[in-house]
Structures are given as structure tokens and as C-alpha cells.
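Enquirer: model the following, please.
(2 chains)
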Number of protein chains: 2
Amino acid sequence: MNMLPISKRSNQIQPFHVMRLLARARELESQGRDIVHMEVGEPDFKTPQPIIDAGLSAISTGNVHYTAATGLFGLKQKISEHYQQTYNVPVNPNQIVITPGASGALLLSLACLVEPAKNILLADPGYPCNRNFSYFLNGEVKAIAVDASTDYQLTAELIDAHWDENTVAVILASPSNPTGTLIESTQLHSMVEVVAQHNGVIIMDEIYHGLVYQQQAHSILEYTDRAFVINSFSKYYGMTGWRVGWCVVPVQYIRAVDNFAQNIFLAAPTTAQHAALAAFSDETKSILEQRRTSFEERRNYLVPEIKAMGFKVSSEPQGAFYIYADCSEITHDSEKFTEQLLEQAGVAITPGIDFGAYRAKQHVRFAYTTSLERLVEGVKRIKDYISAT
Amino acid sequence: MNMLPISKRSNQIQPFHVMRLLARARELESQGRDIVHMEVGEPDFKTPQPIIDAGLSAISTGNVHYTAATGLFGLKQKISEHYQQTYNVPVNPNQIVITPGASGALLLSLACLVEPAKNILLADPGYPCNRNFSYFLNGEVKAIAVDASTDYQLTAELIDAHWDENTVAVILASPSNPTGTLIESTQLHSMVEVVAQHNGVIIMDEIYHGLVYQQQAHSILEYTDRAFVINSFSKYYGMTGWRVGWCVVPVQYIRAVDNFAQNIFLAAPTTAQHAALAAFSDETKSILEQRRTSFEERRNYLVPEIKAMGFKVSSEPQGAFYIYADCSEITHDSEKFTEQLLEQAGVAITPGIDFGAYRAKQHVRFAYTTSLERLVEGVKRIKDYISAT
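Expert: You can find the predicted model right below:
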């Protein structure tokens, strides 16, 4: 049985370290230990009631047949209106493809571009799955180290310096996971120009739009139509387990994306699509804005507390629900540190290694996806743990 | 904008002809025409009430967070019991991965095996997406022509004759789409032996299990553990739009499949997984068995009627809800025939071209996924159309 064939990607794609940490946390909890979860990239809030009601209503008819491969047209229309209202950008509903979460949107977009010998540019640190989508499609990855000097974001200069004849696209994320930082308007504009000069494409991760504090995030579509936009109902709209997201597709790729969706997914889940129709209502919006305020309060509490303990947070996180902190004054091995913090203090945070290689051992990610009370408890435990070691 | 990069698979993967037909049918319907749908690969029945109730109950808590990447352990346990009860085969729940439909299961399985220069064997005619999954993963396909002499199935001899040093797997389907034929027990056994001699793997599509008439389908797991089994709650269990299926994974590939699932899907939809927990109850089973009887009645009506009109059905369909018919005595261009049948007679059936290249112009597929009354109406219209031309 040792001779069975196995593809290269099977060994290239590695598990996330946080999964092992999470499994250990669950094990400790089953033994009666209390664990403060500051590692989870999923909001603690339930799905807003109007969305639940729309889902219940769709499901109770019992008629949950396939939708068209690219999704319900009514949902595409609502998303199109959302771009008009939020960013003042017209988007043809036929350029919008409803996907099984942002994961589905990333797979479809990159499938249009990535193939053997081709590479994509992305920031290190960044969302860990991005590089794995490229490996999955037999492509390559050029991870570009970024630090606080550019708010942990790529720049037009970095893109220009790393682009080569095999580069097809660059993945950007604003707000970014794990750093919560945004890309500024002028910088976005310069990036669009440099990518156009190289005849490439931008894949723009906007899944944390809506979860931005004290400013407004810009959509890449304000600057170009030469970009795939990745978005999702998971984070801001609180629909993680429903598995529904979307992609705005440049016209040249619509046919390919439709063909991929027909073959690879058939369609996104029908109930989730009907439920998402309620995501843009005024009632839902007011619930979501309250939650945004809660996230902002948590951030405003957590950032100074983390700094006071000796972590460095050089770029203030402006969105999402993450803080990426330099822990080099506390430990030189963030993976070992996060393991010990879990075992000895009962607090789960994510080691930097899950987001890339660049100074990963000197960084950890805190997620404020739990209540302020639990964050206070977590901070107390970390403080005690650090002062005792 | 013409210089934008585009991957090879973007042009390799073509749309299904039936999609254009379906779009035209919808257009005619919106103009007030009545269309008999005998093209749709989706049961007309609603999801069984116990499954709906379980879905409603899960959703109404509002807590629809992500499950583990490979799915709810309780659902894996129920599927494991199903293998024990139905096939008398023990399957470790940890070898079962819950996926977004059978599509997700096919993608994960083939991702373990297929890569550039590698190929898979499959039957022509066969499920059209199979070849496209291989192209999606930058692999190649060796489509093997099959006809009524082997019940439109591959055989051990055919597999042996076509296997080359770059072949990693063969895809089998029993019952098959589009032919509804099964692979017999002795043949399955021989296939297992020949694939083992070549150190290859079987990908076994069992998604129409349960929809078998007058006999019992065998699972490949009765003969080997060196196979990925693809299954789904869509067809027999009536859960198409929910997007939940499963894969039984050989132990050697569990780690890779888990890593792929984490990155590519995150997880199958949470509500659908909770709903599927009710799929194995006695109450559900009795509903599903009634439906199976309805499908059998439809088949028993439709096969002789089709033959009486001049179509040849050389291999009696024993399962699924499809009849693959040779139309060469009626037309020499099945694609044109299906278009005209829709326009002039208001009946939609699928041209052979969607299932491969071998004698595709001489074949059409009838799906009995509509009521007996509508099938009677469809048959009347086809008869009138043929006698008038």
C-alpha cells in the first residue's frame, strides 16, 4: 500500500498550527479547564435574526433545489446595489458570482489565472489559505515580507520589484488578516497602475469590509475593473457556517468562472442564498452596526493592554477583529509560547507561523472574537503568566 | 484588456449543452409555453420532512458556526453505521469526510492523485464533470468508449488495456449517469484486482445508491479499502440544494484530504450537516422507499414507450433516474434533435454530447425526474413530433 500514487500538492499543503492548538483547547475543556479563546477567526455573535428568519422561511417550503451555478439573480442584484450605495460604483449583476463562502470565490478566481510555472504575489504575513490555493492549482507563490513600515501591506514598489514574467496576479487584503490594517486610497491607486503595466490582475480580499473602525474602506472597484473582488457573508454579516460568499469577476473571465462553478460546485447552498437576501435590510444593518461598535470597543480595550504587557503593536489595526503583535521582548519562539500559554494559563492565541515565514517566531495573533468580559479575563491570565515566567 | 493572463483550464472546461437548453426552456416558459422537463438530473421530490425539521431546528438556534473541516463527528458515525448495516462493511468514522456535495468529494479525492502529466481513466459516456475535475487539477483524461456490450461500464480488461505509466486512478460509477447501469459483483472484484496490480486507486461514484430497482448495489468497500467512495445526500436523500455529501478516504490520504478541506472549503454547510443527521431515521427511510417505488414505476413506464418510438435501449437501466437511448433510427444529430424537440414539441431531453464524444450524436438521455403524468404527456408530444417529421 506504500506505493499508492500521491500528488505533490498533498505534501505541499500543510495543516494550520492553530488547528492543533484548538484541538488541545477542546481537550482541556473536556477535562473541565476554562479556556479563553482569542485564537478563533469567527465572530462570537449569532447570525442576525432577520437572516435566520429568511433562512427558516426558505427551508420550510422543503423546496431546496439547486440554484443556477452562479447563484440567485435576486441576490446578485442586491449585492450590485450594495456596491452602488457603499462605494458609488456600478457593478453589473452578471459579473457577480455567488460562491460557497469566500473560499469558493478564491478558488474560482485563482483557477482563471494560476497554472504550472505561474506564480502569484502575496504578503507575508497574510491569510494562510491564499498560498495553498495556488499550490492546489499547481502554481507557485512569491511571498513578500512586509512589516510595520508599510502597515504590513504590499506597496506598488514591492509589487513592481517582485513581479516577473511568470507572475499572473497579486493578492491584496484590506483589512488584512492577521494584521487588521488597511491599504490607503493613494496606495491602492498606485498598485492598480503598476499591475496594469505588467498586464496582471489583482485579487482583492474585501471580506472584512464593514468591520472597519473610524474610517471607510475603499473597494478596489473604485479604481479598476481589472480585479477579482473576494467577499463573503461570513464575517460582517455573521453567516460563517452557512457557506455563502461572492466574487465580482472581470468581464473577460465570466464565462470561465461560470464553467468552473457548474463543474466544481454545481451551486452555493440554496438556503444560505435565500437567507442572505435579508443581509442588506435596514433591520439587519442596525444589528450589524451595533456589533461593529462592540468589536471597536474590544479593540480599543485590547490594543493598549497588549502593549502594556510588552507586546509591540506597531501598526494600529483599523479593521477586522485581529491584532498582530510582535512578541520578541517576551519570547523568541511564538509557537512554543502559544502552547505554554494554553497549557499553563488557559488562553488560546495563534502563533505567527500560520501566516507565513517572515519573523513568524516573533509574532502572535490575538482575535477579539469573544466578549469584553472574557478578553479582560484573558488579559489578566496572560499578565500573570508573563510575570511568573 | 486582451492581454490579461488566462489559465489553460479556462478554455479546456466547456459549458454543458443542457444548460443552454435549460435556459431556452425557461425562456419559452416565461413566454407562456408549457415544457415537459425530462432533462433535469435532480429529483422532483421535496426534501423529506424529518430532514427539513432537523434543518429548521438547527437553524433556529441562530448558532450556525463552522464545524470541523471534515464535518460533524456525529454525522460521520451515522454514515459509518450505514455502511455496516447496508453492506456489512466496517468503516472507521475518521475515514469519512463530510463535503459540500459529491462535487466536493470528487475535488478532494482527485486532488490527492491528479497533477500535471498524470491521467485518470473514465468511461465515455459518463458524468460530464469527472473529466473536468481532472482538467481543473491540471491532469489529463483517458476516456474509454463503452457501449451496450459491457452495459456501458468499464471492465477489468478495458482498464488493463488503457492503464499506462502516468495513470493514477480510474473513476467508476454504479449506477451510472447517464446510463443507469450497474457494475456486477464479479466484475467489481476483477477491477479491484487489476487496479491493485497497477498500484492505482479506484474513485467509486456511489451517489445513486438507494435508487436501484429489483436488485442490491454493491459498495466497492466490500472488495477493497483502496478506493475513494463518493456519495451524497443529494439524490436518494433528496437534499440537492443543501450541498452536503461525503467521501470515504483510504487511510493513506486522510491527512491530505483534511488539509485540503481546511484550505479549500473550511467546511460543508453547518445547517445541511445537522439536517442530514435525520437522513438515516426510520421515518425518513420509509419516505425514501416510497419515492424509490415511484421512480421504479416511472422507469417501467418509460423504457418500453421510448423503445416503441424507435429509440434503442440496449442495456436495461437498473438504477438512478436516467435512460440512455440510441436515437440513430430517428436522427443523426442528437443535439439538433433535442433543440428542435424543445422548440417544436415543448419537451426537454439531454443530447449525448454532454456525456462524452463516443457516438454522442446518436444518443440522448431521458431523466424521469418528473411525475408519471408529465412523462405520459412528454411521450405523447415526442410521438407526435417524430411522426410529423
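Enquirer: got a pLDDT number for the residue of the stretch 251-389 of chain A found nearest chain B?
Expert: Of all residues in the stretch 251-389 of chain A, A:T270 sits closest to chain B, at 3.1 Å by C-beta to the nearest C-beta. All C-beta spots, glycine's among them, are computed from the backbone N, C-alpha and C. Note on A:T270: pLDDT of 95.
Enquirer: three-state assignment of the spatially closest residue to it that is not a sequence neighbour?
Expert: Using C-beta to C-beta, 6 or more residues apart in numbering or on different chains and skipping residues adjacent in sequence, the residue nearest A:T270 is B:G241, 3.1 Å away. What DSSP: H, G, I helix; E, B strand; the rest coil gives for B:G241 is helix.
Enquirer: neighbours around B:G241, how many?
Expert: Counted by other C-beta atoms under 10 Å in any protein chain shown, the residues lying close to B:G241 total 25.
Enquirer: show me what contacts it?
Expert: A:V64, A:H65, A:Y66, A:T67, A:A267, A:P269, A:T270, A:T271 (C-beta atoms under 8 Å, 6 or more residues apart in numbering or on different chains).
Enquirer: neighbour-wise, which one of the residues you listed leads?
Expert: Top of the contacts of B:G241 by neighbour number is A:P269, holding 31 neighbours under the definition other C-beta under 10 Å.
Enquirer: am I right that that residue is in contact with A:V244?
Expert: Yes: using C-beta atoms under 8 Å, A:P269 is in contact with A:V244, at 6.5 Å.
Enquirer: which residues do those two both contact?
Expert: Counting by C-beta under 8 Å, 6+ apart, the residues touching both A:P269 and A:V244 are A:P100.
Enquirer: domains of chain A?
Expert: In terms of domains, chain A is parsed into A:13-42+A:283-388, A:49-280 (source: automatic domain parsing).
Enquirer: can I get those in a markdown table with distance to B:A275?
Expert: As requested, these are arranged in a markdown table below (distance: least, C-beta to C-beta, whole Å):
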| stretch | distance to B:A275 |
| --- | --- |
| domain A:13-42+A:283-388 | 21 |
| domain A:49-280 | 8 |
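Enquirer: comparing those domains, which comes out most buried?
Expert: Greatest average neighbour count among the domains of chain A goes to domain A:49-280 (a mean of 21), per mean count of other C-beta atoms under 10 Å in any protein chain shown.
Enquirer: what's the span of that one from first residue to last?
Expert: 13 Å (C-alpha to C-alpha, to the nearest Å).
Enquirer: please apply the same query to stretch A:265-282.
Expert: 31 Å.
Enquirer: can you pull out the helices in the stretch 201-350 of chain A?
Expert: Assigned by DSSP state H, counting those that start in this stretch, the helices in the stretch 201-350 of chain A fall at A:254-264, A:270-276, A:282-308, A:334-340.
Enquirer: OK, contacts around the residue of the stretch 251-389 of chain A closest to chain B?
Expert: Counting by C-beta under 8 Å, 6+ apart, A:T270 makes contact with A:A58, A:V64, A:H65, A:Y66, A:T67, B:G241, B:W242, B:R243.
Enquirer: and it, how far is that from B:Y301?
Expert: Using C-beta to C-beta, to the nearest Å, A:T270 is found at 30 Å from B:Y301.
Enquirer: and for A:T150?
Expert: If you go by C-beta to C-beta, the gap between A:T150 and B:Y301 works out to 69 Å.
Enquirer: dump the C-alpha coordinates for the helix or strand of chain A with the lowest mean pLDDT into PDB.
Expert: Counting by mean pLDDT, DSSP states H and E, chain A has its least confident helix or strand at helix A:17-30, which shows a mean of 88. This file holds the C-alpha atoms of helix A:17-30, laid out as PDB (Å, rounded to 0.1, in the frame of the first residue of the first chain):
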ATOM      1  CA  HIS A  17      -0.800  25.000  13.700                       C
ATOM      2  CA  VAL A  18      -3.800  26.700  15.300                       C
ATOM      3  CA  MET A  19      -5.900  23.600  14.500                       C
ATOM      4  CA  ARG A  20      -3.700  21.500  16.800                       C
ATOM      5  CA  LEU A  21      -3.900  24.300  19.400                       C
ATOM      6  CA  LEU A  22      -7.700  24.300  19.000                       C
ATOM      7  CA  ALA A  23      -8.000  20.500  19.400                       C
ATOM      8  CA  ARG A  24      -5.800  20.700  22.500                       C
ATOM      9  CA  ALA A  25      -8.000  23.500  23.900                       C
ATOM     10  CA  ARG A  26     -11.100  21.400  23.300                       C
ATOM     11  CA  GLU A  27      -9.400  18.500  25.100                       C
ATOM     12  CA  LEU A  28      -8.600  20.700  28.100                       C
ATOM     13  CA  GLU A  29     -12.100  21.900  28.200                       C
ATOM     14  CA  SER A  30     -13.500  18.400  28.100                       C
END
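Enquirer: thanks a lot, see you next time.
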